[in-house]
Structure formats: C-alpha cells, structure tokens
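3D model of this:
(chains A and B)
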Amino acid sequence: MQKYSVFSLIKNAFSDHQNWDLAWKDPQPKKEYDVIIIGGGGHGLATAYYLAKEHNITNVAVIEKGWIGGGNVGRNTTILRSNYMFDANAHFYELGMKLWENLSQELNYNVMYSPRGIINLAHTDGQLNAYARRGNSMRLNGIDAILLNREEVRKMIPFADFSETCRFPIVGGLMQPRGGTARHDAVAWGYARQADAMGVDIIQNCEVTGFDVENGKISGVRTSRGDIKAKKVGLCVAGSTTLLADKLNMRLPIEAHVLQACVSEPVKPLLHNVVTFGAGHFYCSQSDKGEMVMGGDLDGYNSYAQRGNLPMIQHVLSGGLAVFPNFSRLKMLRSWGGIMDMSMDGTPIIDKTHIDGVYLNCGWCYGGFKATPCSGFVFAHTIAKNEPHELNEPFNLERFHTGNILDEKGVGPKPWIG
Amino acid sequence: MLEIKCPHCGKRSQNEFAYGGDATIKRPKLGEEVSTKDWDDFVYFRDNPRGKHQEFWHHVSGCRQWFKALRDTATHEIFNTAKLEEDL
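Numbers count the residues shown, from 1 in each chain, chains lettered A, B, ... in the order given. So this is what the prediction gives:
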C-alpha cells in the first residue's frame, strides 16, 4: 500500500496522478474465511480493521450488499461526542473519543476530525440543572464538560435568538469541548483501505441470502455471489438487522425507523460548533464546504425506506428557526433518510448469540457514527476472544430479560417517541 | 406526506395523526401467571417486518380515536384501516 504523504503527492504529480494504487482491491470471494463480517459500513470495516490490527486475524471478508459508504456511514450528520450520563455509555463512547483523536494518523487517511465542541442548549432552569447533573457525571468519568451560562453561549452563537420575547429563551448550555465532527466518508474509506492493506477482502455487491448452521454452530453464509464458509460471522448491518436475524430465527428488541437529515446551500463560516436545540429535536453543524448540516426526529413510524416525508423536515426546521431565525433565508440543498436500528432501550447490542460463532452488533439508534471506532474495537475483541470486552459487557442482549436495561433517555420501549 | 384514512372521519393528512406502534403484540392476560420471558417478549421484542405491518394510529388532532392500519414499511403504502374492534 502506498503511504499518503506530501512526498507521495509530489511524486504522483509528475505522472499526472494517473498511477495511484486503488484504495482497496475488488477481490472475488474465497471459499472460506476465518471471520466474515456482514455489512461494509463504518462499524463492519472498523471491526475488520481491528481484527487484523489488534488480534492478527487477517483471513477476513467484509461482505456488503451495496457499496462501501452507501449506507448509514454516508448518511449521518457526522457528530462525535461522549456526553453520556450512564457509566456504561460514558466509558464506551469515551474510548471512541480517544480513538477519534488519533484516527487520521493511525489510518494514514485524513478523517478531518474537528473537535469544535458540542453545545446542548438549555431553555429552562430545570433543564440547566439536569445538564449540570449530566456534566458532573461526565467529569466524574473523566470526560470534559463545561456548564455555560446565557452570556457564554451568546459569545459563541451570537446570531441565535437571544431576544426577550422568544418562545424558548436560551438560559445556558452544556458543552463538551472535545466533541465535534469528522468526515464520515473518509472514515469508511480510511478503515477500508487499511483493512485491505492488512489482507482483509472487501467484497461489494454481495448480498447475504442465508446462513448455514449445523448443530447450533455457524459454518458459512450463502450470498448472491455463492456460498462462503466461515468459522465466525459478525453482523454489522444496522437497519437491516432484523432481516438477517429472521434467517437465524432470532427475534430482537429492535424496530427499524427512518431518520432524515438535510443540508442547506453553502454559506460563509458562521456556526463554529455543533449546537443542539433543547426545546425540540434539532441539531446543526456547519460542514467544511459551508453547508448547514441539520437533523432531528425520526419520521415516527416503522420504516425500511431510505427516504422520509416532508412533514418531519418541516417540523425539525421549524425548531431550527426557533433557535436560529437567520436560517430562514437559507435555501435547502438536499435531504435524505437512513434506516435506524432502534433498540428498545436506546442503547446498542454488541454480543454473542445463541448460535455458536455468530456475533451481533446492532441497536445503534441514531448514534452509530460516533461509535464507529469503539464499536469496531470491542466487536473485534468479542469475535476474536469469543467473549465480550469489558466495555461492551453491559450491551448484552440478555439485559432485556435480566432487567439491566440502559435507557439513557428514559423513554421506554417506544422508539418512535425518542 | 402520508394520507391516512381514519375509519371514523375519512382521509386526512398525516399531520393529524400520532403513531402507536405494532398492533400485533398482545398484553398477557391480567390476573394470570405470566412467565418472565413472555412478559419481556411483550414489552421489548418485535417482529419488525419489512413489508406489511399492522399498527396503531391515533387521530389525535381529529376525533381522538385509536384505530389500526395495515401499511407497507418499505413503500409506506397504506392498504387498509379499521376500527380497533374490527379485523384489518
């Protein structure tokens, strides 16, 4: 693999950039692998990368129904954070933040990690108190958190509605300074390129149609490109989890819902942080191209369609205009949807299954992107060692029977409300 | 925009309705012994089909009645709606 550097850039400039290696190969599937990862999104590629790097397991295939970066890893709003209150979530996502900080160097690929700070706005004193509590929990877990008052928020986002008469006055906010954004496509491509360089086969346009299970043990998968034997199989298919779990006779605490996001036309630098509106579901950051990247609520009914409806876009943006009235003159560039694997307590599931050699990584709700590195890291550990890493032990499937659910938001098993 | 036919009021825009989830799950009968697994299945586990899905809707900004709908989760097409006591 060619190392990307200023020297390789200059060298290739002499041949008009015609001789760069492919970032990853396009191999035919082999007859057998030690591990097959189903799903070539961020989590699947990261899992393959850490299997090779941390556990020296390189006879690995990542098989993807569509193309690398075409699913949720290319559809999210690129936000990174670890501002959770529950210990299990805080420790897990904090591993993610530590991995993000060095990811560009590690992958030799610029993922454009930008720790620009994430600000959750508070609109009542009660909400600010709740944020103070969350911030204290974060700091006890070694995570950075700053409680901002109204004037401190105003310095950072002076164009927000600070008028006396507004419906939802900004009374302060909770900020995680190390939170921020990263270029989502680059994350997928960077992991794919490094995994490929270490011997992982990345097989695109290959749909899994079934599984071969003998005596409670996995022996391979059936795909649109032929049967492939495997000692272990990991599922990283987000919104399609139930469709594959059905083929394994697993019923899961998961519902598929569509979440939309949208971007405006590009404008000059205005918004320097990630900001979330506290009185409705709206969040926003400005991309390096200048577009306002915005998102909000689920459409609110079970859906496998990777597109949504206009009423929810309108609802989300009306929340956005309540906090940023000056956005009213922005033209919308495009909107899109992705399928969220909503777990019944809002927390992911990373675990072994009742079938020997089948491992499950799902339930990311709308928070999967920030977890890409740490999810891959602990899932690779779970697959390689056949037991969970201490950080994903709480994310077991059994918790829905033992009562140890992790409902950080406290909404209960109604994902469309969350 | 979905157009949903309330069995009481007729066709209205999606904005008037709230969603109520999978209509096929049944609460274990009151007063009877229920195993932990059956209870957990009722509370947390779902079929989550890609395709036809029976679900509850609430005409919250209209007649305020709950009803059932048969909708495709991949195309969003609504095939039929029915009152709670009726079959879809």
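
close to chain A: what parts of chain B are there?
Within chain B, the positions near chain A by C-beta under 8 Å from any C-beta of the partner chain are B:1-2, B:13-15, B:18-19, B:21-22, B:36-37, B:40-41, B:43-50, B:53, B:55, B:71, B:73-76. No exception for glycine: its C-beta is placed from N, CA and C like everyone else's.

so which of these belong to strands?
The strands, defined by DSSP state E, take in B:13, B:18-19, B:21-22, B:53, B:55, B:71 from these.

among these, which one lies nearest to A:L121?
B:A18 (26.0 Å; C-beta to C-beta).

quick revisit: can you put the ones in strands among the residues of chain B next to chain A in JSON lines and add pLDDT?
Listed next are these as JSON lines, based on pLDDT from 0 to 100:
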{"residue": "B:S13", "pLDDT": "96"}
{"residue": "B:A18", "pLDDT": "96"}
{"residue": "B:Y19", "pLDDT": "97"}
{"residue": "B:G21", "pLDDT": "96"}
{"residue": "B:D22", "pLDDT": "97"}
{"residue": "B:H53", "pLDDT": "98"}
{"residue": "B:E55", "pLDDT": "97"}
{"residue": "B:R71", "pLDDT": "98"}
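
need the max-distance pair from the residues you listed.
B:S13 and B:D22, at 23.2 Å, using C-beta to C-beta across these.

between the two, which has more neighbouring residues?
Neighbour tally, B:S13 and B:D22, criterion other C-beta atoms under 10 Å in any protein chain shown: the higher count belongs to B:D22, 15 against 12.

which ones are touching the more buried one?
By C-beta atoms under 8 Å, 6 or more residues apart in numbering or on different chains, the contact list for B:D22 reads A:255, A:302, B:46-47, B:53-56.

buried subset of the residues you listed?
A:255, A:302, B:46, B:53-56 (16 or more other C-beta atoms under 10 Å in any protein chain shown).

give me the distance between the closest residue to B:Q54 other than its chain neighbours and B:K83.
Excluding the flanking residues, the one nearest B:Q54 by C-beta to C-beta, 6 or more residues apart in numbering or on different chains is B:A23, at 4.3 Å. Distance of B:A23 to B:K83, computed by C-beta to C-beta, to the nearest Å: 12 Å.

joint contacts of those two?
By C-beta under 8 Å, 6+ apart, B:A23 and B:K83 have these common neighbours: B:K68.

name whatever forms a beta bridge with A:F282.
On the basis of DSSP bridges, A:F282 is bridged to A:F277, A:G296.

and for it, the neighbour number?
24.

nearest to chain A, of the ones in strands among the residues of chain B next to chain A?
Distance to chain A, by C-beta to the nearest C-beta, is smallest for B:Y19 among these, at 4.6 Å.

now that closest one: closest residue in space, sequence neighbours ignored.
In this structure, B:Y19 finds its nearest non-sequential neighbour in A:Y301, 4.6 Å apart by C-beta to C-beta, 6+ apart.

which residues touch the one you found?
A:257, A:416, B:19, B:55, B:71.

redo that, cut-off 10 Å
Contact analysis of A:Y301 by C-beta atoms under 10 Å, 6 or more residues apart in numbering or on different chains lists A:255, A:257-258, A:309, A:416, B:2, B:14, B:17-21, B:53, B:55, B:57, B:69, B:71, B:73, B:76.

mind checking how far it is from B:A23?
As defined by C-beta to C-beta, A:Y301 lies at a distance of 12 Å from B:A23.

then A:G135?
Distance, A:G135 to B:A23, by C-beta to C-beta: 41 Å.

what number of residues lie near the closest residue to A:L310 other than its chain neighbours?
Nearest residue to A:L310 in three dimensions, chain neighbours excluded: B:M1, at 6.0 Å (C-beta to C-beta, 6+ apart). Look at B:M1: counted by other C-beta under 10 Å, it has 10 neighbours.

same check on A:R139?
Neighbourhood size, A:R139 [other C-beta under 10 Å]: 12.

which residues does it contact?
A:145-146.

show me the beta-bridge partners of B:A82.
Under the criterion DSSP bridges, B:A82 forms beta bridges with B:K68.

wait, it touches B:Q65, no?
No - look at B:A82 against B:Q65 with C-beta atoms under 10 Å: they stay out of range, at 11.6 Å.

now do the shared contacts for these two.
Common neighbours of B:A82 and B:Q65 are listed as B:P7 (criterion: C-beta under 10 Å, 6+ apart).

can you count the residues close to A:G410?
A:G410: 8 surrounding residues under other C-beta under 10 Å.

any part of stretch A:365-379 near chain B?
No - using C-beta under 10 Å from any C-beta of the partner chain, stretch A:365-379 never reaches chain B; the gap is at least 13.9 Å.

how close does the nearest residue to A:R193 once chain neighbours are set aside sit to A:M1?
Leaving out its chain neighbours, the residue that sits closest to A:R193 by C-beta to C-beta, 6+ apart is A:A23, at 4.4 Å. For A:A23, the distance to A:M1 (C-beta to C-beta) stands at 9 Å.

looking at these two, which is more packed in?
When neighbours are counted by other C-beta under 10 Å, A:A23 and A:M1 differ, and A:A23 comes out ahead with 18 against 13.

got the buried residues for stretch A:386-398?
By 16+ other C-beta under 10 Å, the buried positions in stretch A:386-398 come out as A:388-389, A:391-392, A:394-397.

next one: stretch A:238-255
For stretch A:238-255, burial by neighbour count (16+ other C-beta under 10 Å) applies to A:238-242, A:244-245, A:248, A:250, A:252-255.

same for chain B: which of those residues are within range?
With C-beta under 10 Å from any C-beta as the criterion, the buried residues of stretch A:238-255 include A:239-242, A:245, A:250, A:252-255 near chain B.

can you list which of the residues you listed are found in helices?
Among these, the residues falling in helices (DSSP state H) are A:241-242, A:245.

if we can go back for a sec, which residues do A:A23 and A:M1 both contact?
By C-beta under 10 Å, 6+ apart, the residues touching both A:A23 and A:M1 are A:193-194, A:196-197.

quick revisit: so the residue nearest to B:Y19 sits in a strand?
Yes - counting by DSSP: H, G, I helix; E, B strand; the rest coil, A:Y301 is found in a strand.
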